[in-house]
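**Q** Give me coordinates for this.
(chains A, B and C)
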Amino acid sequence: MKRLRHYFRLYFLIEAQYIKSKMQYRDDFFISSIGMFFSSLTTIAVFWVLLASIPDLAGWSFNQLVFIYAFYMLAISPFQILFDHFWQLRFHVIEGTFIKYYFRPLNMLFYYLSEMFDIKGVVQLVLGIAMFIYASIKLQVSWNLPLLLLLAATLFSASLVTISIMMIAASSAFWIFNSWPVLDLARRLREFSPYPMTIFDGFFKILFTYIIPIGFVAFYPSQFFLGSQSISTAVYLSPLIGIGTFALAYWIWLKGVNSYTGTGS
Amino acid sequence: MRAYLSYARGSFLSGLAYRSGFIFAILNNLVYMTIAYFLWRSIFGDNQTLRGLTFEQTFLYVTIASSLMVLLKTWTDWEISWNITSGSIIMSLVKPLKYQWMMMAQSLGFCLMNFLSIVVPSLIFLVFVFKIPINTGVGLLFFPVAIIFSFILNTTIDYIIGLTSFYTESIWGISSTKDIIILFLSGSLIPLQFFPEAAQKVLKLLPFQAMYHLPLMMLVEPEQTASSYLVSLSVQLFWVAVILILARLFYNRAVKVLRVAGG
Amino acid sequence: MSLIEIQNLSKYFKVLNRREGLRGAFLDLFSGDYRTVKAVDDISFSIDEGEIVGYIGPNGAGKSTTIKMMTGILQPTSGKIEVNQLEPYSNRIANARRMGVVFGQRTQLWWDLPVIESFKILKEIYEVDNETFKQQMGLFEDLIEIKKLYPVQVRTLSLGQRMLCDIAAAFLHNPKVVFLDEPTIGLDVSVKAKIRDVIRELNHTQNITIILTTHDLGDIEALCQRIIIIDKGKILFDGPVQRVNQLFGVYRTLKAQIFDFNQETLPRLNALIQTKFPDPDAVHINQSEDFWTDLIINQEKAPLREVLNLIMSEFALEDIRIVEISMENVVQRIYDGALL
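**A** Down below sits the predicted model:
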């Protein structure tokens, strides 16, 4: 418990300093927020354009798709905001600066992540909340306490799934150095997670449900709230799967950290 | 000329240095193709054609678009931004070469690397696994020329975005906004035919369709006449000229920041 | 009591054999052609509390690999290593609490923050209590006048100021051992002297063990009582610095640019030196970069003045320089048996 308090205090101390130094570049923050705003809306725009030509997408209406997408935005926000430093991991590994994270008496994942905080991710979070409320109203989802608790559980789990997938991808830097293509692949897979998994069949359905579980980032968990008729077992797994994937991802991160040798002799 | 080509060779070779990256980049493209296949199959359902395109045409359009996107991803904007923020641009400015052409040469080397390592394997996969027939008519002759124009447009836009580093700390925001705009408005994500009529009219007036939509239609629609190909190429050429002039004007402005503030 | 205990320590790496050119780069994509590099090969030594030890050797000798094992980054391939009675690799956090690190070219301070903020963060990370913090900062204020740097952003510090701050940061939490890697690299002479003073002071007042790796023999002379020389993963020498010092002291490198240098110049020069100084250790001739010829001279056996006169009597010299013997040459001399 004392450890935990120590870590919390440190986190806020380091982040506060980080944000202070970032605030010197205010223009940059505004431009980045605009960029974030547009990129968050792309998928919605795709749905909108597609549904101008067809009545529904694999049986899902525009508002239902907005709901799933809003769930997705909320689920990836913790990654976006708190885990942004993963994108830099390859530079630290290639240039040998990663070595400094070994020198402190702190958990390395914690110390590494504490050095960055993505302010513009907040834009995504706010947009996600707005869309979520919009879609809930349009779809007349009747929220009650059990449903809200379920929402919290599924969002937590879905966040962990996203974090795990990206963490494994980022950790690949320890073995192949330039992890960008792997992260890019992971991001691309993640970007398709708000699409209805029902468009896939056979092998790919199993792949995206159980092997690279992007279905759990948004589509399966949001079934609880959309009042779907046929709920598959995957849906019931969704509040639990996060812990498992995170355990695996952390194990891989540790493997990577232990196999890192730094550059030079 | 030789000097510029050596830059192209350099970026080509440094692309090779990271040996394990290609597999994932190819995989990335294949994953996209696979998901696009299922997505568009689901969108077409029982329809033979939508918006005047068959499923095969649409799928060819989006997959070639994705490969073209991979081809043109040369990070030129980031490279320039890095040059400016680290101050190493000075080293380029003292060389007896034009900075813009140096960057374009580097971008070309990168492009070739992307072509051989990612695009060719994906295309082989596309032809053999999805059995999508690629147009073998005259369009195939005009297509490479159209791609060269796309390359110039893309690299020059990247060049302009990179130069904004003279004014901002990080180009993440502006660069990702650019990526999104091109992605959405050029047809590289959804064929332009699927946009509402009114939106299509606007998109035809913008430079982005010249980067993806026009070249792609050369492959997708086999019954074009030679003159319609030439019309497409002229539209591209027009935008190439406009963007190049803009780049020159912007460079002259931006580089003053360096001269005045000392970088 | 010894603080660091190393016995039969080894670390091997697997390295891909890369090929040349475009074709080679393509072939490498599918290559499984690895070789084993013995970065550290069966070394043993122990270091006592309060010692300043110079750990030196040419590039690629295995210095940083050893340091990385002592700091808990790398797992040894075999052998035993203990720092503070702990195995660093499996007790990284406990070990990190009692050590400080300075890596010359890379700061560990927060780049965008004022100096004092970095120290405040470090205070929290190492859980330094207020009293110790005040006391340590007071010490740094006396030693390096850090106070006037408090509000300055780290990125705007001069290299020398930054290095002083980095060193102070490494000592903040009263560690048992501090690793200093190239602490004076790229600095001018007066700043170097300042940094050496500070290191010596901190070692004295707090009895902190210091492991110093450097290419600068001046650092060694100014700071170390003991020196360990490593090359190709093996320890070449471990002993008091005086012995090595005597040896370095008498050597000078005379760099000469000889007019109209051609194929016969070197044999002629060799023959000339041989006749006057037959002892092989007296003068060593190396052809170095471009047009320079290096003569490594043992002043006890061949006075510099005489060597110079001798050469000038036979050759026209365009330019000369006299420099201290380099690390590479020291190692070469030791290989040749100079210490035995």
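**Q** Okay, now the unreliable bits of the stretch 151-263 of chain B?
**A** By pLDDT under 70, the low-scoring segments of the stretch 151-263 of chain B are B:222-224, B:258-263.
**Q** Ignore what I typed, I meant the stretch 1-150 of chain B.
**A** Low-confidence segments of the stretch 1-150 of chain B, defined by pLDDT under 70, span residues B:17-20, B:135-136.
**Q** can you map out the helices along it?
**A** B:2-17, B:21-44, B:55-72, B:76-86, B:89-93, B:99-114, B:120-129, B:139-163 (DSSP state H, counting those that start in this stretch).
**Q** what about stretch A:90-109, average pLDDT?
**A** The predicted model gives stretch A:90-109 an average pLDDT of 88.
**Q** buried stuff in it?
**A** The neighbour-count check on stretch A:90-109 (16 or more other C-beta atoms under 10 Å in any protein chain shown) flags A:90, A:92-93, A:96-106, A:108 as buried. In short, each C-beta sits where N, CA and C put it, glycine included.
**Q** same thing with stretch B:159-174?
**A** Of the residues in stretch B:159-174, those with enough neighbours to count as buried (16+ other C-beta under 10 Å) are B:159-166, B:168-174.
**Q** List just the nearest of those residues to C:Trp111.
**A** When those are compared for distance to C:Trp111 (C-beta to C-beta), B:Glu169 comes out closest, at 13.0 Å.
**Q** Check what pLDDT the closest residue to that closest one other than its chain neighbours gets.
**A** Taking C-beta to C-beta, 6 or more residues apart in numbering or on different chains as the measure, B:Glu169 lies nearest to A:Tyr25, with 4.0 Å between them; neighbours along the chain are not counted. A:Tyr25 carries a pLDDT score of 72 in this model.
**Q** try the one 4 residues further on
**A** In the prediction, the pLDDT value recorded for A:Phe29 is 80.
**Q** what sits against it?
**A** The contact partners of A:Phe29, by C-beta atoms under 8 Å, 6 or more residues apart in numbering or on different chains, come to A:Lys22, A:Met23, A:Ile119, A:Lys120.
**Q** Leaving out sequence neighbours, find the closest residue to the first one.
**A** Leaving aside its sequence neighbours, A:Lys22 sits nearest to A:Ile119 (C-beta to C-beta, 6+ apart; 6.5 Å).
**Q** List phi and psi for the one you found.
**A** Main-chain torsions, A:Ile119, degrees, to the nearest 10: phi -60, psi -40.
**Q** Please give the number of neighbouring residues around it.
**A** Taking other C-beta atoms under 10 Å in any protein chain shown as the neighbour definition, A:Ile119 ends up with a count of 16.
**Q** again, but for C:Gly60
**A** So C:Gly60, with other C-beta under 10 Å, has 15 neighbours.
**Q** Can you pick out the most distant pair from the buried residues of stretch B:159-174?
**A** Every pair in the buried residues of stretch B:159-174 was compared (C-beta to C-beta); the two farthest apart turn out to be B:Tyr159 and B:Glu169, at 19.2 Å.
**Q** For the residue nearest to B:Glu169, give its distance to B:Tyr167.
**A** Distance check for A:Tyr25 against B:Tyr167: by C-beta to C-beta, to the nearest Å, it reads 11 Å.
**Q** and the residue of the stretch 51-200 of chain B found nearest chain C, what does it touch?
**A** In the stretch 51-200 of chain B, the residue that lies nearest chain C is B:Ser117 (8.9 Å; C-beta to the nearest C-beta). Applying C-beta under 8 Å, 6+ apart, we find B:Ser117 in contact with B:Gly15, B:Phe22, B:Ala25, B:Ile26.
**Q** what about 7 Å?
**A** B:Phe22 (C-beta atoms under 7 Å, 6 or more residues apart in numbering or on different chains).
**Q** and if you look at B:Phe55?
**A** With contact set as C-beta under 7 Å, 6+ apart, B:Phe55 has these partners: B:Trp40, B:Arg41, B:Phe44.
**Q** you'd agree A:Asn178 is in a helix?
**A** No: per DSSP: H, G, I helix; E, B strand; the rest coil, A:Asn178 lies outside any helix segment and is coil.
**Q** How confident was the prediction at it?
**A** According to the per-residue confidence, A:Asn178 scores 83 in pLDDT.
**Q** ok, it to chain B distance?
**A** 4 Å (C-beta to the nearest C-beta, to the nearest Å).
**Q** where does the residue nearest to B:Glu169 fall, phi/psi-wise?
**A** For A:Tyr25, the backbone dihedrals (degrees, to the nearest 10) come out as phi -110, psi 70.
**Q** Share the number of residues neighbouring it, please.
**A** Other residues near A:Tyr25 come to 15 when the count uses other C-beta under 10 Å.
**Q** Surely it is in contact with B:Trp172?
**A** No: under the criterion of C-beta atoms under 7 Å, A:Tyr25 lies out of contact with B:Trp172, with a separation of 11.0 Å.
**Q** circling back to that earlier point, and the helices of the stretch 1-150 of chain B: which comes nearest C:Tyr251?
**A** Of all the helices of the stretch 1-150 of chain B, it is helix B:89-93 that lies closest to C:Tyr251, at 38.3 Å by C-beta to C-beta.
**Q** How about the contacts made by residue 62?
**A** Defaulting to chain A. Under the criterion of C-beta under 7 Å, 6+ apart, the contact partners of A:Phe62 comprise A:Phe47, A:Trp48, A:Leu51.
**Q** Can you look at chain C instead?
**A** C:Gly62 makes contact with A:Ser265, C:Ala39, C:Val40, C:Ile230, C:Gly233 under the criterion C-beta under 7 Å, 6+ apart.
**Q** Got a quick PyMOL command for the buried subset of these?
**A** Paste this into PyMOL to select the buried members of the contacts of C:Gly62, with burial taken from 16+ other C-beta under 10 Å:
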select buried, (chain A and resi 265) or (chain C and resi 39+40+230+233)
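**Q** Buried residues, stretch C:197-210. List them.
**A** Buried positions in stretch C:197-210, judged by neighbour count with 16+ other C-beta under 10 Å: C:Val198, C:Ile199, C:Leu202, C:Asn203, C:Ile208, C:Thr209, C:Ile210.
**Q** Give me the distance from that stretch to the chain's centre.
**A** 18 Å (C-alpha atoms, centre = their mean, to the nearest Å).
**Q** for stretch A:92-104, same thing?
**A** In terms of C-alpha atoms, centre = their mean, the gap separating the centre of stretch A:92-104 from the centre of its chain is 25 Å.
**Q** do it and chain C meet at all?
**A** Yes: applying C-beta under 7 Å from any C-beta of the partner chain, one finds stretch A:92-104 in contact with chain C at A:Thr97, A:Ile99, A:Lys100, A:Tyr102, A:Phe103, A:Arg104.
**Q** Out of these, list just those in helices.
**A** When DSSP state H is applied, those are split such that none fall in helices.
**Q** okay, those in TSV with distance to chain B next?
**A** Converted to TSV, these look like this (distance: C-beta to the nearest C-beta, whole Å):
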residue	distance to chain B
A:Thr97	15
A:Ile99	21
A:Lys100	20
A:Tyr102	24
A:Phe103	26
A:Arg104	27
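**Q** Can you pull up the most central residue in the chain?
**A** In the absence of a named chain, this looks at chain A. Taking C-alpha atoms, centre = their mean as the criterion, A:Ile76 is the residue nearest the geometric centre of chain A, at 2.9 Å.
**Q** wrong one, chain C
**A** C:Thr214 (1.7 Å).
**Q** What segments of the chain are helices?
**A** No chain was given, so I picked chain A. With DSSP H, the ranges of helices along chain A come out as A:2-22, A:26-50, A:62-82, A:89-95, A:108-114, A:121-139, A:145-171, A:173-176, A:180-191, A:202-206, A:219-226, A:233-237, A:241-259.
**Q** My question was about chain C, not that one.
**A** Assigned by DSSP H, chain C shows helices spanning C:21-28, C:63-70, C:92-97, C:115-125, C:130-144, C:159-171, C:189-206, C:217-223, C:241-250, C:265-276, C:304-314, C:327-335.
**Q** Buried ones in the helix or strand bottoming out on mean pLDDT in chain A, by neighbour count?
**A** Ranked by mean pLDDT, DSSP states H and E, the weakest helix or strand in chain A is helix A:233-237, scoring a mean of 76. Using 16+ other C-beta under 10 Å as the test for burial, helix A:233-237 gives A:Ala234, A:Val235, A:Leu237.
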